[in-house]
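[1] Okay, structure incoming, though there's no sequence with it:
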């Protein structure tokens with residue numbers, strides 16, 4: 001394939017994957033930002049609790065099939081049946097779960113804490129039912145269609161929320177109506193496109209479905225435990241903490257999720273490549289290992305830059321944007337969460353290698369250890385320190401998870417140099433305190449920090465043209 005065509009294809013993949021990330025993360029966060037400004041802090045905390053629990057339930061129902069389906073379809077042209085099997089599973093499991101939740105809400109309907117849960121779940125389940133279609137397209141490296149659909153859906157969500165706010169007072173019930181309506185649009189548009197514009201066929205065979213479930217079984221508990229890392233702290237804060245603490249933490253965590261958006265851009269692009277690379281059965285030679293280390297250095301450079309910039313602007317800008325509701329009140333929580341960003345980049349790379357190498361059982365063990373660590377620390381720290389305790393528990397868990405995945409990759413595939421993590425960490429910390437000392441003007445402080453950080457990275461030879469060229473060469477494979 002000509003180099004210009006490969007380059008165009010790579011840029012298109014990153015652009016399309018980036019469009020998905022912007023649609024899901026950024027616009028989703030804008031919607032919740034608009035809602036947070038117009039709901040009392042206590043109500044926003046309750047809404048975040050509903051949403052977190054609904055997301056955890058849909059993740060539990062997914063059975064870990066999404067990545068299995070993507071890996072299968074990407075590695076073999078004869079595995080398109082996996083998407084049909086996943087669709088059957090998603091529809092059936094969602095209907096059963098909704099029926100159970102709705103019945104439970106009728107039985108204990110007097111308790112307002114559970115009354116709206118079935119409907120928040122309904123909004124999440126509709127998106128989840130569309131996941132097999134999205135997985136099918138992503139495995140074929142066709143990222144643009146879902147990106148456009150999700151972008152449109154989230155823009156409609158924001159516009160509708162603003163309309164509600166200008167028309168009358170926004171309530172939690174209004175929020176769930178908006179979520180369900182836009183989820184219906186997203187599912188219908190995605191199904192229409194895939195069925196009309198791709199070679200997707202619903203050819204369900206129970207034997208094939210059973211085979212897929214059997215393959216996903218080792219990853220099921222991995223998905224459950226990994227999901228608990230991102231939402232269990234919200235759920236436990238709602239039970240063990242206060243509504244205000246839940247609101248502060250969920251707002252900071254939403255910002256943290258946006259900060260990790262580059263991972264969402266990179267992950268769907270590199271997973272099919274790893275699946276094809278490791279499915280060849282000849283492992284990684286010295287050259288490919290060197291390329292991965294170079295790729296890792298570039299990732300850490302970007303990953304450390306993100307918390308550096310965000311912590312400079314968090315308190316003054318977020319405080320101003322939210323009229324003092326957030327910013328100063330959760331600055332320390334966000335600082336702790338933001339320190340996890342470089343490790344999350346590393347975890348994504350390590351997990352991708354392990355998953356593509358079919359280390360399902362080992363991944364499960366790491367997920368169990370991480371989830372148990374997170375649960376124990378949350379139970380101990382949340383009653384003592386509230387949302388700050390949840391942030392500390394999350395960071396400790398991320399470190400445990402990083403260590404587990406690193407050891408597994410080192411043992412079975414290759415060894416990564418950890419030097420970039422330490423060097424960029426020192427450069428980032430030094431740059432932050434230097435920028436604070438130099439000026440009080442936030443925009444100048446931000447520009448100064450970016451220039452100094454990049455310059456020091458080049459001076460210490462941690463980033464340069466050879467790193468960029470190596471990454472581009474690797475991504476063309």
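    Yep, that arrived. Because the structure is a prediction, the values reported are computed rather than measured. Residues are numbered from 1 along each chain as shown.

[2] Distance of the nearest residue to residue 307 once chain neighbours are set aside relative to residue 318?
    Leaving aside its chain neighbours, residue 307 sits nearest to residue 338 (3.7 Å; criterion: C-beta to C-beta, 6 or more residues apart in numbering). Every C-beta, even on glycine, is put in place using the N, C-alpha and C of the backbone. Using C-beta to C-beta, to the nearest Å, we find residue 338 at a distance of 12 Å from residue 318.

[3] Let me see the contact set for the residue nearest to residue 307.
    256, 259, 306-307, 310-311 (C-beta atoms under 8 Å, 6 or more residues apart in numbering).

[4] closest to residue 458 among the residues you listed?
    residue 306 (18.4 Å; C-beta to C-beta).

[5] Verify the stated contact: that closest one with residue 261.
    No. Shown here, residue 306 and residue 261 do not form a contact pair, counting by C-beta atoms under 8 Å, at 9.2 Å.

[6] What count of nearby residues applies to the residue lying closest to residue 173 once chain neighbours are set aside?
    Nearest-residue entry for residue 173: residue 116, 7.1 Å, with adjacent residues in sequence omitted and distances by C-beta to C-beta, 6+ apart. Other residues within reach of residue 116, judged by other C-beta atoms under 10 Å, total 18.

[7] can I assume residue 116 is in contact with residue 50?
    Yes. Using C-beta under 8 Å, residue 116 makes contact with residue 50 at a distance of 5.9 Å.

[8] between these two, what contacts are shared?
    Going by C-beta under 8 Å, 6+ apart, residues that sit against residue 116 and also against residue 50 are 172, 176.

[9] Quick check: phi and psi on residue 328?
    In terms of degrees, to the nearest 10, the main-chain angles of residue 328 are phi -70, psi -40.

[10] So which residues make contact with stretch 340-352?
    Residues lying outside stretch 340-352 but in contact with it, judged by C-beta under 8 Å, 6+ apart, are 256, 259-260, 262-263, 266-267, 270-271, 274, 292, 295-296, 299-300, 302-304, 306-307, 363, 394-395, 398-399, 401-402, 405-406, 408-409, 416, 421, 424-425.

[11] One more: stretch 157-164?
    By C-beta under 8 Å, 6+ apart, stretch 157-164 touches 27-28, 30-31, 34-35, 170, 174-175, 178-179, 181-182.

[12] can you pull the buried residues of that stretch?
    The neighbour-count check on stretch 157-164 (16 or more other C-beta atoms under 10 Å) flags 157-158, 160-161, 164 as buried.

[13] nearest to residue 324, of the residues you listed?
    Among the buried residues of stretch 157-164, and counting by C-beta to C-beta, the member closest to residue 324 is residue 161, at 21.2 Å.

[14] if we can go back for a sec, what's near enough to touch the residue nearest to residue 173?
    By C-beta under 8 Å, 6+ apart, the contact set of residue 116 is 50, 172-173, 176.

[15] next one: residue 260
    Residues in contact with residue 260, defined by C-beta under 8 Å, 6+ apart, are 341, 344-345.

[16] could you redo the residues you listed as CSV and give each row distance to residue 458?
    Formatted as CSV, the contacts of residue 260 follow (distance: C-beta to C-beta, whole Å):
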residue, distance to residue 458
341, 21
344, 24
345, 20
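
[17] What is the helix or strand hosting residue 369 packed up against?
    In the assignment (DSSP states H and E), residue 369 maps to helix 360-385. The contact analysis (3 or more C-beta pairs under 8 Å, 6 or more residues apart in numbering; DSSP states H and E) places helix 360-385 against helix 206-240, helix 341-356, helix 387-412.
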